[in-house]
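Novice: Mind folding the following:
(one chain, ligands or ions: 3)
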Amino acid sequence: MAPQLDGYFAQVDALSDSFIQRLREAVAIPSISADATRRPDVVRMGHWLADELKKLGASAELRELGKQHGTDLDLPPVVLARYGNDKNKRTILVYGHYDVQPAEKEDGWETEPFELTVKEDGRMLGRGSTDDKGPVLGWLNAIEAHQKAGIEFPVNLLMCFEGMEEYGSDGLDDLINAEAKKYFADTDAVCISDNYWLGTERPCLTYGLRGCNYYNIEISGPGADLHSGVFGGTAQEPMTDLVRILGSLVDTDGKIQIPGIVEQVAPVTEEESGLYENISFTMETLHESLGSKTTIFEDKKNTLMARWRMPSLSVHGIEGAFSGAGAKTVIPAKVIGKFSIRTVPNMEIDKTNECVYKYVEDVFKKLKSKNTMKVYAQHCGKWWVASPKHWNFAAAAKATERVWGMQPDFTREGGSIPVTLTFEQATGKNVLLLPMGSSTDGAHSINEKLDKRNYIEGIKLLGAYLHYVAEEPQN
Ligand SMILES: C[C@H](N)C(=O)N[C@@H](Cc1c[nH]cn1)C(=O)O
Ligand SMILES: [Zn+2]
Ligand SMILES: [Zn+2]
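Specialist: Ligands and ions are numbered 1, 2, ... in the order given. You can find the predicted model right below:
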């Protein structure tokens, strides 16, 4: 089956240094979507990607999305591209994102975050290496290896790469819905490479994601930041109110304290209960990727369920608060607390928001503070669960066996890719998540990396998947 694959694999190996160089160039562009001052870099990254695609002979265009919600800031463009237009071939739509999370060397990075550093043990450190520049470039590299090996590309490839995924995919839903019957009209299936293996050895195919509702709690009082020696004890402090509210949202064991949240969660079925034991995941691997043994649960089943099919609430930070080294005796005048809830079936965005607003307002009222409080959702994306019983998954499973020599685990993911559900609903086609990186990659964290082995074998996997897609019979 898929006889040309050996030639393709040999070409990927031969081109591996230039594929790493392509990733180095991409990592060097600090395309941080959450930081407005970096917006020109995000835009530059979109242009760089479109140019790389054009050099490979793809037709690529930059689609503007208008202004960022509630601001005067232009959103970065979406890169839409097509490679191949043969009516006798299947058409696969792939999605990825070219924006990254913020990163500063001072956060504790071993290396400069925006300089790809390849270590002797094969770790390729750099912001965006695994999330999601490595996987996005995987598709481009697969095209190039086919061309250089003189092997016919097995499918038509449609590509949609956005620059706001790490900030709620602002504006993308509208574009996907508008293009469903136009640019994406001949899509037969969708593939997204933007998540991770559960461990470091066994690859996986993913059929579910949690959603994410992201909240701000704004508290203000004094007209300006104050000297705590002069005003401490005389003014009510926004920060004091905020930490009391934030501290009331969730307990030490992750139990969400907001009424009406866990009540929405779908009950565990008997069939589902048996699923977890067969997944290759150990608490030791979790400790390795966590960098500590501070887990809430001691066993695999409860841990996987907590990640995949239960909601969680995380407190992320406080805008406006003193957070530097040393000791600053300031009373901040206005602080914004940030937290999010990862949502699961059958939670609803609006119902969850109502529960959060009511709870936060009640807690604030009980504080009897004279300060002003505002709570609102900054962005919300829905959870997604699909059926892995589809030729799209069958092709990916065969490709995994061919490249990695083992069957993949079928997993769900604790993270969120807000547009997955939009693609499924807008195109009416099956969506598959086919990860490249592993559990120790540290996406969103310091020292984010992609192992060279996962990058190079991952490029082989993406190409092999497309060959098996071309061979797979209709369901
Ligand atoms: C799984 C994916 N690589 C990812 O990191 N997604 C982000 C997206 C996001 C940001 N805000 C809300 N969702 C994530 O899961 O945090
Ligand atoms: Zn991310
Ligand atoms: Zn991502």
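
Novice: so Gly84 touches Leu157, yeah?
Specialist: Yes - the pair Gly84 and Leu157 passes the contact test of CB atoms under 8 Å, sitting 6.1 Å apart. No exception for glycine: its C-beta is placed from N, CA and C like everyone else's.

Novice: Compare neighbour counts for the two and give me the winner.
Specialist: Leu157 (22 against 18; other CB atoms under 10 Å).

Novice: Surely the more buried one forms part of a helix?
Specialist: No - counting by DSSP: H, G, I helix; E, B strand; the rest coil, Leu157 falls outside a helix, being strand.

Novice: Okay, and the beta partners of it?
Specialist: Tyr83, Ile92 (DSSP bridges).

Novice: if I pick it, what's in contact with it?
Specialist: 58, 81-84, 91-92, 94, 139, 143, 466 (CB atoms under 8 Å, 6 or more residues apart in numbering).

Novice: Pull up the gap between it and Ser228, please.
Specialist: 59 Å (CB to CB, to the nearest Å).

Novice: repeat for Asp74
Specialist: 40 Å.

Novice: Name the helix or strand for Met373, please.
Specialist: Under the criterion of DSSP states H and E, Met373 resides in strand 372-381.

Novice: Arg342 now?
Specialist: Counting by DSSP H and E, Arg342 is part of strand 334-343.

Novice: Partner strands of that strand, with direction?
Specialist: strand 211-220 (antiparallel), strand 312-319 (antiparallel).

Novice: Using JSON lines, please lay out these together with distance to Cys204, mean pLDDT and mean neighbour count.
Specialist: Converted to JSON lines, the strands paired with strand 334-343 look like this (distance: least, CB to CB, whole Å; pLDDT from 0 to 100; neighbours: other CB atoms under 10 Å):
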{"stretch": "strand 211-220", "distance to Cys204": "20", "mean pLDDT": "98", "mean neighbour count": "21"}
{"stretch": "strand 312-319", "distance to Cys204": "20", "mean pLDDT": "98", "mean neighbour count": "15"}
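
Novice: Dump these to a markdown table, plus distance to ligand 3.
Specialist: Shown next, in a markdown table, are these (distance: least, CB to the ion, whole Å):
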| stretch | distance to ligand 3 |
| --- | --- |
| strand 211-220 | 12 |
| strand 312-319 | 17 |
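
Novice: Turn those strands into a markdown table, including distance to Thr111.
Specialist: Shown next, in a markdown table, are these (distance: least, CB to CB, whole Å):
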| stretch | distance to Thr111 |
| --- | --- |
| strand 211-220 | 29 |
| strand 312-319 | 24 |
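
Novice: Just send the ones you listed back as TSV, with distance to ligand 1 too.
Specialist: As requested, those are exported to TSV (distance: least, CB to the nearest ligand atom, whole Å):
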stretch	distance to ligand 1
strand 211-220	4
strand 312-319	10
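
Novice: just the strands in the stretch 51-200 of the chain please.
Specialist: For the stretch 51-200 of the chain, the strands defined by DSSP state E, counting those that start in this stretch occupy 59-63, 78-83, 91-97, 117-118, 123-125, 156-162, 189-192.

Novice: what residues does the first one touch?
Specialist: Around strand 59-63, the neighbours that count as contacts under CB under 8 Å, 6+ apart are 46-47, 49-51, 53-54, 77-83, 159, 175.

Novice: switch the cut-off to 10 Å
Specialist: Applying CB atoms under 10 Å, 6 or more residues apart in numbering, the contact partners of strand 59-63 are 43, 46-47, 49-54, 75-85, 159-162, 171-172, 175, 178-179, 183.

Novice: Show the buried residues in these.
Specialist: For the contacts of strand 59-63, a burial check counting by 16 or more other CB atoms under 10 Å picks out 43, 46, 49-50, 52-53, 75-84, 159-162, 171-172, 175, 179, 183.

Novice: re the thing from before, compute the inter-axis angle for the strand holding Arg342 and strand 372-381.
Specialist: Note on geometry: by axes from the mean of the first three to the mean of the last three CA atoms, to 10 degrees, strand 334-343 and strand 372-381 are set 30 degrees apart in direction.

Novice: which residue does this structure bring closest to ligand 1?
Specialist: Nearest residue of the chain to ligand 1, counting by CB to the nearest ligand atom: Gly415, 3.2 Å away.

Novice: pretty sure that residue is in contact with Asn195, am I right?
Specialist: Yes - Gly415 is within contact range of Asn195, at 6.2 Å (criterion: CB atoms under 10 Å).

Novice: And stretch 442-453, what's buried?
Specialist: 442-443, 445-452.

Novice: Reformat those into TSV and put pLDDT, distance to ligand 3 and secondary structure next to each item.
Specialist: Below are the buried residues of stretch 442-453 laid out as TSV (pLDDT from 0 to 100; distance: CB to the ion, whole Å; DSSP: H, G, I helix; E, B strand; the rest coil):
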residue	pLDDT	distance to ligand 3	secondary structure
Gly442	96	13	coil
Ala443	97	7	coil
Ser445	97	13	coil
Ile446	97	17	coil
Asn447	97	17	coil
Glu448	98	11	coil
Lys449	98	15	strand
Leu450	98	12	strand
Asp451	98	17	strand
Lys452	98	20	helix
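
Novice: Which members of those additionally contact ligand 1?
Specialist: Restricting these to those near ligand 1 by CB under 6 Å from any ligand atom leaves Ala443.

Novice: nearest to Pro135, of the buried residues of stretch 442-453?
Specialist: Leu450 (8.5 Å; CB to CB).

Novice: So what sits opposite the closest one in the bridge?
Specialist: Met124.

Novice: Is it correct that it is in contact with Ser129?
Specialist: Yes - counting by CB under 10 Å, Leu450 touches Ser129, with 4.1 Å between them.

Novice: who touches both of these two?
Specialist: 23, 27, 116, 123, 135, 437, 441-443.

Novice: could you give the mean pLDDT of stretch 393-411?
Specialist: Mean per-residue pLDDT for stretch 393-411: 97.

Novice: Briefly note if that stretch comes near ligand 1.
Specialist: No - Stretch 393-411 lies out of reach of ligand 1 by CB under 6 Å from any ligand atom, never closer than 12.5 Å.

Novice: Please state the offset of that stretch from the chain centre?
Specialist: 22 Å (CA atoms, centre = their mean, to the nearest Å).

Novice: Name the helix or strand of this protein that has the lowest mean pLDDT.
Specialist: The weakest-scoring helix or strand in the chain, judged by mean pLDDT, DSSP states H and E, is helix 270-275 (a mean of 83).

Novice: is stretch 126-133 up against ligand 3 anywhere?
Specialist: Yes - against ligand 3, stretch 126-133 shows contacts by CB under 5 Å from the ion at 131-132.

Novice: residues in the protein within reach of ligand 1, list them.
Specialist: Counting by CB under 6 Å from any ligand atom, the chain sits next to ligand 1 at 131-132, 165-166, 168, 194-195, 212, 214, 381, 415-418, 443.

Novice: Now do the helices in the stretch 51-200 of the chain.
Specialist: Listed in chain order, the helices of the stretch 51-200 of the chain (DSSP state H, counting those that start in this stretch) span 134-149, 172-179.

Novice: can you list those helices in CSV and add mean pLDDT?
Specialist: Output for the helices of the stretch 51-200 of the chain, formatted as CSV (pLDDT from 0 to 100):
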stretch, mean pLDDT
helix 134-149, 98
helix 172-179, 97
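
Novice: Tell me which of the ones you listed lies nearest to ligand 3.
Specialist: Ligand 3 sits nearest to helix 134-149 of all the helices of the stretch 51-200 of the chain, at 8.3 Å, using CB to the ion.
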